[in-house]
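Q: next one to model:
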Amino acid sequence: MTHSRKALLLLDYQVALCEEGPHLRMPPLAAQVAERGVLVTAEKVLAAARTAGWLVVHVRLAFDPSYVLRTNRLARFDAYPDQRAMLTDSPEAKIVQALAPLPGEPVVDKGCVDPFVGTPLLQVLAAEGVGEVVLGGVATNLVVESAARHASDAGLQVTVVEDMCASFRPDFHEFSVANMLPLFGTVTSAEELLGSLA
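A: Below you'll find the predicted structure:
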């Protein structure tokens, strides 16, 4: 049986990571998101994916109050429980308004970098008959790269929309796009993707 359905995976487009304001946790990342116009680009791709009838899945870093479901136990993740940060219901963990999920679009909460670890994402994609995932998110060299690696190893076709992504520093993004992501899938631009849908 061939899986032909496409899914758009929107990765970590959250208030704490993408938006200037009181809930911002990662100023260098938000600055790159703004400079690269990532949210505007993502909004266009999201609208096209919805029109095309793709499965749209929103993924975010969000923790239950116990923080025990946090699978990443590295020291750099200790800030979250220490500061009671990125709780499921908190304003900072919310998906940015421009890309807010519509009713019927699933939101997957994860406790680590990789959206497939400790979540039902892979099973959901299989159940929905998805054979190709289109990725966009922040940071390029973290969640996007992790998702691309995992998805390709799991037998999915992977496309990364480069201008839907940003990292903490331009050189991190550029290295990932030029050297790492092409190992796991196709890297494209929003314009090319939208052109192929038109």
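
Q: now do the longest helix belonging to the chain: which elements does it pack against?
A: The longest helix of the chain (DSSP state H) is helix 38-52. Counting contacts by 3 or more C-beta pairs under 8 Å, 6 or more residues apart in numbering; DSSP states H and E, helix 38-52 packs against strand 5-11, strand 55-61, strand 130-137, helix 190-197. For every residue, glycine as well, the C-beta is placed using N, CA and C.

Q: ok, which stretches of this protein are helices?
A: 15-18, 27-35, 38-52, 79-82, 121-127, 145-153, 170-175, 190-197.

Q: to N72, which of those helices lies closest?
A: N72 lies closest to helix 79-82 among those, at 9.2 Å (C-beta to C-beta).

Q: what number of residues lie near the closest residue to R70 other than its chain neighbours?
A: Spatial nearest neighbour of R70, chain neighbours left out: G111 (3.9 Å); criterion: C-beta to C-beta, 6 or more residues apart in numbering. G111: 21 surrounding residues under other C-beta atoms under 10 Å.

Q: kindly report the same for S189.
A: Other residues near S189 number 13, with proximity taken as other C-beta under 10 Å.

Q: do the same with K44
A: 15.

Q: doesn't L197 make contact with it?
A: No. With contact defined as C-beta atoms under 8 Å, K44 and L197 do not form a contacting pair (10.7 Å).

Q: look at the closest residue to C165 other than its chain neighbours and report its pLDDT.
A: Among residues not flanking C165 along the chain, T140 sits closest, at 4.2 Å (C-beta to C-beta, 6+ apart). The per-residue pLDDT reported for T140 equals 98.
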